[in-house]
Structure formats: C-alpha cells, structure tokens
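S.K.: coordinates for the following, if possible.
(chains A and B)
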Amino acid sequence: MKSKTSLPASYRLAVTSRVLAAVVGGYLMASLAAVCLALWMPTSRADAVITGMMSSFVFYLLAVIWCFACRTAWRAWFGVMLPSAAFATLAGVGFWMVRT
Amino acid sequence: MKEGFRQAMAWLHTWAGLIFGWLLFAIFLTGTLAYFKDEISHWMQPEVQAHALDDARSLTVAQTYLERVAPTAARWFITLPDSRDAGLSVMWQDKIDPGKRGNFITKTLDPVSGEAVQARESMGGEFFYRFHYQLQMPYPWGRWLTTIAAMVMFVALITGIITHKKIFKDFFTFRPRKGQRSWLDGHNAVGVLVLPFHLMITYSSLVIFMSMVMPAPILASYGNDTRGFFNDVFPATNNAPVLGQPGKLLPLVPMYEQARAHWAGGHVGRVAVNNPSDVNASVNVFRAGSDRVVHDFGSTVSFNGSTGELLRVSAEQSLPAAIGGSFYGLHMGHFAGPVLRWLYFICGLAGTAMIGTGLVIWLGKRQLKHAKTGVMPFELRLVEVLNIASMSGLMLAIAGFFWANRLLPVSFAERSDWEVQIFFIAWGLSLLHAMLRRGRQGWVEQLSLGALLFAAIPLLNALTTSSHLGVSLVTGDWAMAGFDLTCLASGVFLGWAAWKMHRRSVPQPKAERARGLTLKPEAH
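M.R.: Prediction:
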C-alpha cells in the first residue's frame, strides 16, 4: 500500500480519467451503437430495437476493456470517442432516413 | 498500468471486483435463495394448505371471490396454484393511474373453500427475490444499482478469464492448506467450473432490465411514443378501453379451456381480467412460465369477457424476442424441476463463493505486508470490516429473518414489515460488531453465532409449529423438510468455517503469528 500512496498525482488523475472514459464514454458508445442497430437492422422496428439493446452491453464491455488496456489515458478517450462519432454519424443518417 | 495487456486486465479485475464485491455477494446469495422462493414461503407460512391441483375449481373459486369483494376493480389478476406454490393468489387494482405504480391488493385464497387464507403475515421467499434486484430501495434506484453491479460483474468475469491464461491447467491444481494459494485455487475452481452459469446469469440480468438502462434505441426508433414499443412487443397489454356500460362477466373456465387447447395442452399461469364489470371487459389468459425455457411475456389468448368471443391469439415470438426470452427464462429458471433447481442453487452458491473468495484474497495479499508491524492501515481495516459484515453478517441477517418468522406473534401489528426490519437490524449489528472486534475474532464469533442460529432452525420449527422434520419427512412434504435440512447443513458449514478460522488464529500468540505470516512468501 505504501508504494501506492507515493504514486504521483498525475498517475491518479490518469486513472480517474480512464475510469470516466470507460463509464461515461463507454455508455455513450454503447448507446450509439445500439441506436445504429435499431435504425439500420432490416427487421421489424421492435425487433431491431430489441437487438440493439441486447447487444449494447458487449459494446460497453469492449469499450471498458479498451480504456484500461491502452497505453495512455488520452488514447482511452480517443478510442472511445472515435467509434462514438462514427456511430453518431451513422445514426444521424438513419434517423434522417426514417423521418423523410 | 504500463505493463502488458494481461496485467492491465488483472488490475481491472481486482479493483472492479473489490468495489462491487460486497454488493454482488449480497445480490448473488439472495438471488440463489430466490430459486427456492416458493419453498421458503411455504416454510414461512405453514398455514397455507396444499390441495390436489384442480385449475377449474381454483378459477371458479377466485372468480366468485373477486365478484364478491372487488366487483368494480379496474383489473383482476388470478395466479393459479402449481406444484410449488399451493396458494391461489388473487390481486386487484381499484383504479389505474398511468403515472403511478402499485396500489395493488393481494390475497391468498384457499383453492377449495374460496376464503382468504388466515396465514401469518410474511413476505416469505418473496423478500429475497425482491431484495435481489431492488435492494430494498425505492423504484427505480435499486434496479439501476443492481444492473450497474451486473455490468461490473460482466467486466470482472471477462477480465478474470483474460487474466487467467492457463484456465484449464490451473483448474486441476488445488493446493490445500497453503493459505493464500488455497484461496486463489478455490476462487479459480468455482469460477471456471460454473463459468457458463456465471456468464449466462450476468448477461441475462443486463437483458432483463435493458429497456430501463439502455433506452436510447427505443427513443431513437419510436420517439416520444415509447408506449408504442411495448405495445409492439407485448400486444396483450393493448386492451379494449372501458365503455362505461355495466356488463356481465362470463365464467372464466371455458376461456381457460379454449386457451389450453390453443397451446396443445400447455399450462395456464395467470388470468387477467380488465374492467370486469364493464360491457367491454377483456380477459387475457397467460401461459405458465414453467412450460418452456424460452420465456414469452406475450404468450396469451385474449377474449371479450362479456361475449366470450376470442379476440386474439398471440403470434409466435420473433428471433430477437426469443433470444431475449431465453435469457429471461434461463435467469429465472421457472422451467426447472427439482433436480435442475438444486443445480441452479448450487451454481448460485458457487458464484457467491467465487465473489467471497475474491474479496478474501484481495485483503490477504495486502495484509501480508503489514503483518510484521501488526498495525493495519485504515483502508485495509475498512475492507476487513466490510468483508465480515457483508459475508458472515448477511448470514446472520438471513438467520434473523427466519427466527423472526417463528418468534414474532401472529397477531403482531405490521408483522411482515418487522421480519424485514429484523433482517436489517441483525445486519447492522453485525457491522457494528465487526468494527469493534479484531479481524479474526470478528469472523469466528459471527460464524459461530450463524452456525448456532442455522443449526437450531429445525428445532425452532419443531417447537413452534406442527410441521417438524418428524412430520414433514413422513408425509412427504419435501419443501418443508428440505428447508429444515438445508438450514441444518448451512449451520454445519458455518460451524466448520468458524472452527477453521479459530484454529488458524489461536495456537500462535500474536508476535509468532506475525512471523509465521511473513515467512510464508519465502516458503514458495
């Protein structure tokens, strides 16, 4: 434990940052992935929603693992936000197609 | 965290497991008990008499009762007795408030006499079932917290598998009487042995509450009309509205028979009547969950209540709904017969043991470093207190709950609430005790008390009721006998654990023990 307390503040900040990236960023990515599935699956509307919700937790898991496996906290955020942005774009297009 | 991938995953496994370990231990143990929820209720309400099952008679009796007691209710629910739950349960709701939950009145009837059973007030096994996913918190906080814990469990499981490179080789290594090593080997063994169960139970718990915790797809696809999603998934909930003209409800039994014919003899679990006194009354006959593994909430046959006309037979489930339904069905285990139910129970105990051993390992590893000085830093002491209170303390709370059921007078006001309060009081006291006593003594004293309380339950049952082992074994009341014997076995197990803890702490005086502990790592 003594060795832990002597760790620099920057290390602790980095760990906090990773936790936030995993919990918040991971949830965001999982939600957006689920939305994409719900809007793009070629099944009935309800089935697509169920599939999206049901598989979202696997996306969440992968995001969490990435956040703690990558080399720096910045990479953790980058690795979560990049797919989130991609899913958001895809979802946006899907949403627009449903509307029109 | 700069080391390799496996080290990073081990770090995540350790810390995710520690922070949610105490909560997960309670969730797992109460969930395991919930597999025997009906049997526990049977023990806790021995007044409910079992009769030979006769659905037609039960249904007629329930309808007569509800027409007499709640003719103007908005909804009736009739749950038929089955081989595990002998009571005929009727429930009604006077008025439906869209924003509000609850306001249900529930009564257990005797399926032959049709009168409300005069049983002692008790939540029975239902308490463990509810606690398992609501944690005695107001809606929806408990459900959120348990689902978050489930997600952490999922992460801990997968990272645990990644950490554990030689998963099968290590499975065949068990090094008994080696302190830390034995705990780790045990942790790995219970983890790997029932791994499919762990993965199934964890992922399914996420799926069960997915529309609550992952609402984004519903909102994206249905916009503000979330009701529309549930109407699509569960068509049976979309019922005819009240017309405001009084009507006469037809007997339910013919509708029940028609529904069974549609399911090729499948069983009926529950009958719901909407607006029973209205000309637009509707009757939904729900299929029993015990019929198959894949659960289908929407499996119903619907009738017009005043004409008897068949309105709708629910369609077969789509593939995604069937996958979701199998997650639900596997988690609940409604379909399981006695053998499979015991297997569920044992797997649940293995899961509980996996979490418990993990917590012990976390502390044990770090305690070694401080054994020389004999002073534990605050954070380790905190973990120790929480370990004791969350494990042996929970056992004491459960034992207290059962004892309260037999000792509180039947006429006691709010008796059922008091049983629950005693559960939490016992738990709180065990936390206090763990704070006041030194680590091992805390363990030994709580485990010994737990052993005594559990082992004495068959005796307590014999003194307070007429359904003791001598009677239940002879008449073949297996639920009653099984409960007594399981408590006895739990008492023996806790006694063994207390003895083990005691033996390891007593022979060496304090200083010597400290030396023994520091020498251990060198021995390997």
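S.K.: residues near residue 80, how many?
M.R.: Let's take chain A. Neighbour count of A:Val80, defined by other CB atoms under 10 Å in any protein chain shown: 25. From N, CA and C alone the C-beta is placed, and that goes for glycine too.
S.K.: wrong one, chain B
M.R.: B:Leu80: 21 surrounding residues under other CB under 10 Å.
S.K.: now B:Asn224
M.R.: By the criterion of other CB under 10 Å, B:Asn224 has 7 neighbours.
S.K.: separation between it and chain A?
M.R.: Between B:Asn224 and chain A the computed distance is 14 Å (CB to the nearest CB, to the nearest Å).
S.K.: regarding chain A, what is its longest helix?
M.R.: Taking DSSP state H as the criterion, chain A has its longest helix at helix A:73-99.
S.K.: tell me what that helix is packed against?
M.R.: In terms of contacts (3 or more CB pairs under 8 Å, 6 or more residues apart in numbering or on different chains; DSSP states H and E), helix A:73-99 is packed against helix A:9-20, helix A:26-40, helix A:45-69, helix B:216-222.
S.K.: any idea of the angle that helix forms with helix A:26-40?
M.R.: Here helix A:73-99 runs at an angle of 30 degrees relative to helix A:26-40 (axes from the mean of the first three to the mean of the last three CA atoms, to 10 degrees).
S.K.: circling back to that earlier point, out of the helices and strands packed on helix A:73-99, which is the most enclosed?
M.R.: helix A:26-40 (a mean of 25; mean count of other CB atoms under 10 Å in any protein chain shown).
S.K.: how about the residues of the stretch 101-250 of chain B near chain A?
M.R.: Contact residues, the stretch 101-250 of chain B versus chain A (CB under 8 Å from any CB of the partner chain): B:151, B:154-155, B:158-159, B:203, B:206-207, B:210-211, B:214, B:216-218, B:220-222, B:229, B:232-233.
S.K.: quick revisit: nearest to B:Trp263, out of the helices and strands packed on helix A:73-99?
M.R.: helix A:45-69 (22.9 Å; CB to CB).
S.K.: which neighbours in the sheet does the helix or strand in which B:Phe303 is found have, and how are they oriented?
M.R.: Per DSSP states H and E, B:Phe303 falls inside strand B:300-304. Strand pairing for strand B:300-304, using DSSP bridges, gives strand B:282-287 (antiparallel), strand B:310-313 (antiparallel).
S.K.: and the helix or strand where B:Ser182 lies, how far from the chain's centre?
M.R.: Assigned by DSSP H and E, B:Ser182 belongs to helix B:180-193. A distance of 25 Å separates the centroid of the chain from that of helix B:180-193, by CA atoms, centre = their mean, to the nearest Å.
S.K.: how about B:Ser430, secondary structure?
M.R.: With DSSP: H, G, I helix; E, B strand; the rest coil as the basis, B:Ser430 sits in helix.
S.K.: hmm, I was thinking of B:Ile161
M.R.: helix.
S.K.: what of B:Val273?
M.R.: strand.
S.K.: do B:Arg270 as well
M.R.: Under the three-state scheme (three-state DSSP), B:Arg270 adopts strand.
S.K.: OK, contacts around it?
M.R.: Contacts for B:Arg270 (CB atoms under 8 Å, 6 or more residues apart in numbering or on different chains) come out as B:Phe77, B:Ile78, B:Thr79, B:Leu80, B:Phe286, B:Ala288.
S.K.: 10 Å - rerun?
M.R.: Neighbouring residues of B:Arg270 by CB atoms under 10 Å, 6 or more residues apart in numbering or on different chains: B:77-80, B:89, B:91, B:284-289, B:300.
S.K.: mind listing the strands for the stretch 1-150 of chain B?
M.R.: For the stretch 1-150 of chain B, the strands defined by DSSP state E, counting those that start in this stretch occupy B:75-79, B:88-93, B:104-109.
S.K.: look up how far chain A lies from B:Thr79.
M.R.: Separation of B:Thr79 from chain A (CB to the nearest CB) stands at 27 Å.
S.K.: wait, what's in contact with that residue?
M.R.: By CB under 10 Å, 6+ apart, B:Thr79 lies in contact with B:58, B:62, B:85, B:87-91, B:106, B:108, B:268-272, B:286, B:288.
S.K.: what's the answer for A:Leu61, then?
M.R.: Shown in contact with A:Leu61 (CB under 10 Å, 6+ apart): A:Gly26, A:Ala30, B:Met151, B:Phe154, B:Val155, B:Leu157, B:Ile158, B:Thr159, B:Tyr203, B:Leu206.
S.K.: what do you get if the cut-off is 8 Å, keeping everything else the same?
M.R.: Shown in contact with A:Leu61 (CB under 8 Å, 6+ apart): B:Phe154, B:Val155, B:Ile158.
S.K.: the helix or strand hosting B:Leu396 close to chain A?
M.R.: Assigned by DSSP H and E, B:Leu396 falls within helix B:378-407. Yes - against chain A, helix B:378-407 shows contacts by CB under 8 Å from any CB at B:Glu379, B:Leu380.
S.K.: same for that helix, what does it pack against?
M.R.: Judged by 3+ CB pairs under 8 Å, 6+ apart, helix B:378-407 is in contact with helix B:5-34, helix B:37-44, helix B:338-370, helix B:415-436, helix B:439-455, helix B:457-464, helix B:478-505.
S.K.: give me the neighbour count for the residue lying closest to B:Ile422 once chain neighbours are set aside.
M.R.: Nearest residue to B:Ile422 in three dimensions, chain neighbours excluded: B:Ala404, at 4.1 Å (CB to CB, 6 or more residues apart in numbering or on different chains). Using other CB under 10 Å, the number of residues around B:Ala404 comes to 21.
S.K.: tell me the spacing between B:Ala404 and chain A.
M.R.: 38 Å.
S.K.: and that residue, what does it touch?
M.R.: Neighbour list for B:Ala404: B:Trp418, B:Glu419, B:Ile422, B:Phe423 [criterion: CB under 8 Å, 6+ apart].
S.K.: separation between it and B:Ala261?
M.R.: B:Ala404 sits 47 Å away from B:Ala261, going by CB to CB, to the nearest Å.
S.K.: residue numbers of chain A in contact with chain B?
M.R.: Neighbours of chain B within chain A, by CB under 8 Å from any CB: A:1-2, A:15, A:18, A:30-32, A:34-35, A:37-39, A:43-54, A:56-57, A:60-61, A:64-65, A:68-69, A:71, A:91, A:95, A:98.
S.K.: how does it look with 7 Å?
M.R.: Proximity of chain A to chain B, by CB under 7 Å from any CB of the partner chain, involves residues A:1, A:31, A:34-35, A:38-39, A:44-54, A:56-57, A:60-61, A:64, A:68-69, A:91, A:95.
S.K.: burial of B:Phe229, as a residue count?
M.R.: For B:Phe229, the count of nearby residues is 20 (other CB under 10 Å).
S.K.: and it, helix, strand or coil?
M.R.: Per three-state DSSP, B:Phe229 ends up helix.
S.K.: I figured it was touching A:Ala46, is that so?
M.R.: Yes - between B:Phe229 and A:Ala46 there is a contact under CB atoms under 7 Å: 6.2 Å.
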